[in-house]
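**Student:** From the sequence below, what's the structure:
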Amino acid sequence: MDLLLFRHGEAVENAPGLGDAGRWLTAKGRRVTRKVARWLDERSSRRPTAIWTSSLVRAVQSAEILAAEIGLVEEILVRPELAPSGDLSDLVRLIEAHRGRGPLALVGHEPSLSMLARNLLGDVAWPGIKKSGVAAIRFTPAEGEEGRREASFRFLLQPKGLEVVRSLDANSLEEAAPQQPAA
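**Tutor:** Coordinates of the predicted model:
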C-alpha cells in the first residue's frame with residue numbers, strides 16, 4: 001500500500017482560549033492545501049482512498065479539504081496516534097492492520113510525520129515535510145511472525161510550486177530542507 005504523509009496547512013500562531021489544539025488554518029493554509037489536494041487527485045495512483053487525521057483542528061481542516069477535493073465519500077477517521085503526543089508504535093500497528101485498497105493519507109504534524117517516515121524507511125537522510133507537503137512511501141506490512149515489513153520512498157511534494165523530490169540523496173534534498181519551525 002502507499003502511505004501519503006500529509007502535513008497540515010499553515011495555521012494561525014495563536015488561538016486565544018483554545019490552545020494549540022484549537023489552532024485553525026489560515027486563508028493561505030486552506031488555499032495551499034487545496035492546491036496540493038488537487039495535485040494528488042490528478043492521478044489515481046496518488047489519490048487517497050482513505051484518510052486518517054490527528055484530532056487537532058488544523059489537521060482535521062486539512063483532511064476535510066483533501067477529502068472534498070478528491071471526492072472521498074468515506075469517513076475521515078480521527079486517530080489519536082497522529083496527534084503530536086501520539087504513540088508511533090501504535091500508529092505503525094494500525095497501518096500494518098489496514099487492509100484498504102489504494103493510498104492511505106495520514107494527516108498530521110511535524111516532527112511526528114518525519115519520525116514515522118524514518119521509522120519505516122530506516123536510516124535515510126530526511127528533510128522533513130513542509131506545511132501542506134506530502135511524502136509518499138510504498139509500504140508492505142510484515143506477513144506472519146517471521147515476516148519483515150518493507151518500505152520505500154516514492155516522492156516528497158513541496159507545496160511551493162508543487163515541486164516533486166523523487167530521491168533522498170543529498171543533492172535533491174538541499175532544496176527540500178524545511179525552513180519553518182515544527183508544528
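**Student:** any idea how far Phe155 is from Val107?
**Tutor:** In this view, Phe155 and Val107 are 17 Å apart by C-beta to C-beta, to the nearest Å. In this view, the C-beta of every residue, glycine as well, is placed from N, C-alpha and C.
**Student:** the more surrounded of these two?
**Tutor:** Using other C-beta atoms under 10 Å as the criterion, Phe155 and Val107 rank with Val107 on top: 33 against 14.
**Student:** Packing partners of the helix or strand harbouring that one?
**Tutor:** Assigned by DSSP states H and E, Val107 falls within strand 104-108. The contact analysis (3 or more C-beta pairs under 8 Å, 6 or more residues apart in numbering; DSSP states H and E) places strand 104-108 against strand 2-7, strand 50-53, helix 57-70, helix 88-97.
**Student:** Tell me which stretches of this protein form helices.
**Tutor:** 27-41, 57-70, 88-97, 112-121, 170-174 (DSSP state H).
**Student:** how about those in CSV, adding mean pLDDT, mean neighbour count and distance to Glu150?
**Tutor:** Below are those laid out as CSV (pLDDT from 0 to 100; neighbours: other C-beta atoms under 10 Å; distance: least, C-beta to C-beta, whole Å):
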stretch, mean pLDDT, mean neighbour count, distance to Glu150
helix 27-41, 98, 18, 23
helix 57-70, 98, 23, 26
helix 88-97, 95, 14, 12
helix 112-121, 96, 19, 9
helix 170-174, 51, 11, 22
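**Student:** If anything else comes up later, I'll come back, but that's it for now.
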